[in-house]
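In: need coordinates for the below:
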Amino acid sequence: MSERLIALAGNPNVGKSTVFNELTGMHQHTGNWIGKTVETTQSHFYYKFNDYTVVDLPGTYSLSSASKEEEIARDFLKSNKLDCTVCVIDSTVLERSLILVFQILKLTNRVVVVLNLCDEAKKKGIFVDEDKLSSLLGVPVVKATARSGKGINNLLEQVHLISTNANKPKALIELAENDRGYLLAKEIANEVVLESKEQKTSFLDKIMLSKFTSFPAMLLIFGIILYVTISFSNYPSMLLKELFDSLEIRIAEFLTSIGVSKTIISLFVYGLLRVLFWVVSVMLPPMAIFFPAFALLEDFGLLPRIAFNLDFCFEKCGACGKQALCTCMGLGCNAVGVTGARIIDSPRERLIAIITNSLTPCNGRFPMLIAVITMFFAKNSAVSAIILLSFLCLSLAMTMLSSKILSATVLKGMSSSFVMEMPPYRKPQFFKTIVNSVKEKVLFVLLRAICVAAPAGLLIWFFANIKIANISLLSYMANALQPVGNLMGLDGVILLAFILGFPANEIVIPIALMAYLSTSTLGDYSSLDSLRQILIDNGWTLKTALCTCVFALFHFPCSTTLLTIYRETRSKKWTLLSVLTPLAVGFFLCVLINLIV
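Out: The predicted structure is shown next:
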């Protein structure tokens, strides 16, 4: 069996990753906005006794070295002996897409051009004569709608023919530099494209991109998502909790029946397992709602427009407009937002995006915020969603302010220009998007939380059970932190809970309960009302609840995000600044609230 190397190239947002998924069955995440693919992804497929390795290159508009994406794509195409290069182009904007085709044809004529998004072109009244385009370019041209799998079989055959030298294409056009390339693209597009009707700005874009309605529309969309997340996550959380409570009892009874000591049972069941069960029951339901809803917005094409609206704001802060994309990613997981900063070309602006991403509350902080808001500020889901949305707006404001301060001090410089293409609105692939979101985000983040929660559970158990003069280490540490906690409108127990919750934010409240109740295992509660009463009995007021929410928004990154920051920056200095920046914001705001209230 012969082995062949295939490269997949194309502009951002032309469905390249979807073509990759259809060829390989790998199900790489696809999204309806630019900057999704920053590094190469590869997989295999078999066709007619040949083993094909397909490399999905970053989406790029050209092969110049203006950005990291273009650099990676250019270097790979130049440094590898490819059997075939598949260039995916958008049928609805052929003229723009041809520029990259010309540049690839300068490197090799072993090319297959894929006219993707033919379904969208048809809706817009656009028809491309693929035979005429093929004769002008001198390479095979395949029409496709990758989302539905149409044209993929023809693409496989054309790739096979070129890779095995059964078809030896010869580029017929004269490839010129600079302006001549754009003129040539226009000439070819005019010759092969028939457009039956003039395109108009969509009604949705008149709302989403308007000077007056864009921000209210964004707030409404996020408010609806938060309302749905809050309303529909409580019941499954309760069911999971009941299931895990029953399982915990059965495991403890089994271990007792086989003679395991009470200390080991306490350590394993009420230390390690109880933390794991808590994290799963608290995290899984809201994540299972929030991540798919967020993915559907992305697939539909709304997130790029939200990022576009925020572009001007970030530019005024001396940062790059692409930081808006990283901020949106951070709502799901700060570690993902940090790695997403790779799409920013400027090293200075990339650092600003990385350092400030932890100011965005990740999905792991939502359960604590929702619980505190529901207990002390509003039991109605709609009101809770509005309050949570207000906290998100505060988070965005602090992100921009911190970006402005960083760009004026340790990371001085002018903001770079950012040109962003608005993708068309597309009907979301509901089932596929939800399944991929659950597999790639929900389960991934949950598994990572479980991995860090297990050792955290053991550590908490030891702190609670090791006693000096009949007082646990947990109580000693809480008392030591009491003066700082009082200054911030909190107390030593809450501060200690945040510190011990460094591996996973979801265990902050149960750690606080454990310290308040002086128990040797992780605390539990039957309802939010019972938890509220426990907190009130231990000195909580509306001010305490407000300061806790603010500090939940702004404190040091979790362990996973911190490790990701160091891997991305390779610098202890910037990693430390990434810890101090959100911590300083949280400390200052909590002290300010305490002084005012």
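
In: and residue 393, that's in a strand?
Out: No: secondary structure of residue 393 (DSSP: H, G, I helix; E, B strand; the rest coil): helix, not part of a strand.

In: give me the pLDDT value at it.
Out: We have a pLDDT of 92 for residue 393.

In: same check on the one 3 residues further on?
Out: The predicted structure scores residue 396 at 92 on the pLDDT scale.

In: state the distance from it to residue 547.
Out: 20 Å (Cβ to Cβ, to the nearest Å). Just so you know, the C-beta spots here come from the backbone N, C-alpha and C atoms, and that holds for glycine as well.

In: buried stuff in the host helix or strand of residue 191?
Out: Secondary structure from DSSP states H and E places residue 191 in helix 179-192. By neighbour count with 16 or more other Cβ atoms under 10 Å, helix 179-192 contains the buried residues 181, 184, 185, 188, 189, 192.

In: now those in TSV, with pLDDT and distance to residue 292?
Out: As requested, the buried residues of helix 179-192 are exported to TSV (pLDDT from 0 to 100; distance: Cβ to Cβ, whole Å):
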residue	pLDDT	distance to residue 292
181	73	42
184	85	44
185	84	39
188	88	41
189	86	38
192	88	40
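
In: show me the strands in the protein, by range?
Out: Listed in chain order, the strands of the chain (DSSP state E) span 2-10, 41-47, 50-56, 84-90, 111-116, 126-128, 141-143, 193-195, 467-468, 471-472.

In: mean pLDDT lowest for which of those?
Out: The bottom spot among those, by mean pLDDT, belongs to strand 193-195, with a mean of 79.

In: tell me what that strand is packed against?
Out: strand 126-128 (3 or more Cβ pairs under 8 Å, 6 or more residues apart in numbering; DSSP states H and E).

In: who does the strand it packs on pair up with?
Out: Partner strands and pairing direction for strand 126-128 (DSSP bridges) are strand 193-195 (antiparallel).

In: return the set of buried residues in the partner strand.
Out: With burial defined by 16+ other Cβ under 10 Å, the residues of strand 193-195 counted as buried are residue 193.

In: the more surrounded of residue 396 and residue 547?
Out: Neighbours per residue (other Cβ atoms under 10 Å) separate residue 396 from residue 547, with residue 547 holding more: 25 against 16.

In: that older thread, okay, the strands of the chain in TSV with distance to residue 439 next?
Out: As requested, the strands of the chain are exported to TSV (distance: least, Cβ to Cβ, whole Å):
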stretch	distance to residue 439
strand 2-10	22
strand 41-47	16
strand 50-56	18
strand 84-90	24
strand 111-116	24
strand 126-128	35
strand 141-143	30
strand 193-195	39
strand 467-468	45
strand 471-472	41
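
In: which of these sits closest to residue 221?
Out: Smallest distance to residue 221 across the strands of the chain (Cβ to Cβ): 26.0 Å, for strand 84-90.

In: tell me which helix or strand in the chain has the weakest average pLDDT.
Out: Ranking every helix and strand in the chain by mean pLDDT, DSSP states H and E puts helix 443-465 at the bottom, with a mean of 72.

In: burial check on residue 434, number of neighbours?
Out: Using other Cβ under 10 Å, residue 434 has 19 neighbouring residues.

In: correction: residue 464
Out: For residue 464, using other Cβ under 10 Å, the count is 24.

In: residue 474 is in contact with that one, correct?
Out: Yes: assessed by Cβ atoms under 8 Å, residue 464 is found in contact with residue 474 at 4.9 Å.
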